[in-house]
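Asks: Following is a predicted model, sequence given first.
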Amino acid sequence: MTIEPQAVLFYEHGFDVKRLAKLKDGSLRASGFSFADDGRTKDTLTLKSLSTDTIEVGGQIYHRCKNENQNGGAQ
């Protein structure tokens, strides 16, 4: 998953953000269009930060990828 300023991209589909609102619990609700190979539909998506390295998107938990340059990895 990749989060960009105007889009959230998943493996086989994406979400085109048109409006963003902050909810009382601190999560963000994105309104816009979900798109995939079969077209696009109007939809909403909720994003909630669980920690600095973990985010919940639409009920799924995602973890930040580790940078190979950290912890003595290859440069």
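Replies: Looks like it came in fine. Numbers count the residues shown, from 1 in each chain.

Asks: Now do the helix or strand hosting Tyr62: everything it contacts.
Replies: Assigned by DSSP states H and E, Tyr62 belongs to strand 60-63. Contacts of strand 60-63 from elsewhere in the structure, counted by C-beta atoms under 8 Å, 6 or more residues apart in numbering, are 1, 50, 53-56. Every residue, glycine included, has its C-beta placed from N, CA and C.

Asks: could you flag which of the residues you listed are buried?
Replies: Ile55 (16 or more other C-beta atoms under 10 Å).

Asks: ok, so of the contacts of strand 60-63, who is nearest Leu9?
Replies: Out of the contacts of strand 60-63, the one with the shortest distance to Leu9 is Met1. That distance is 6.7 Å, counting by C-beta to C-beta.

Asks: Give me the phi and psi for the closest residue to Glu12 other than its chain neighbours.
Replies: Leaving out its chain neighbours, the residue that sits closest to Glu12 by C-beta to C-beta, 6 or more residues apart in numbering is Ala36, at 6.4 Å. With angles defined as degrees, to the nearest 10, Ala36 sits at phi -150, psi -170.

Asks: Kindly state the pLDDT recorded for Ala36?
Replies: Predicted confidence (pLDDT) at Ala36: the value is 81.
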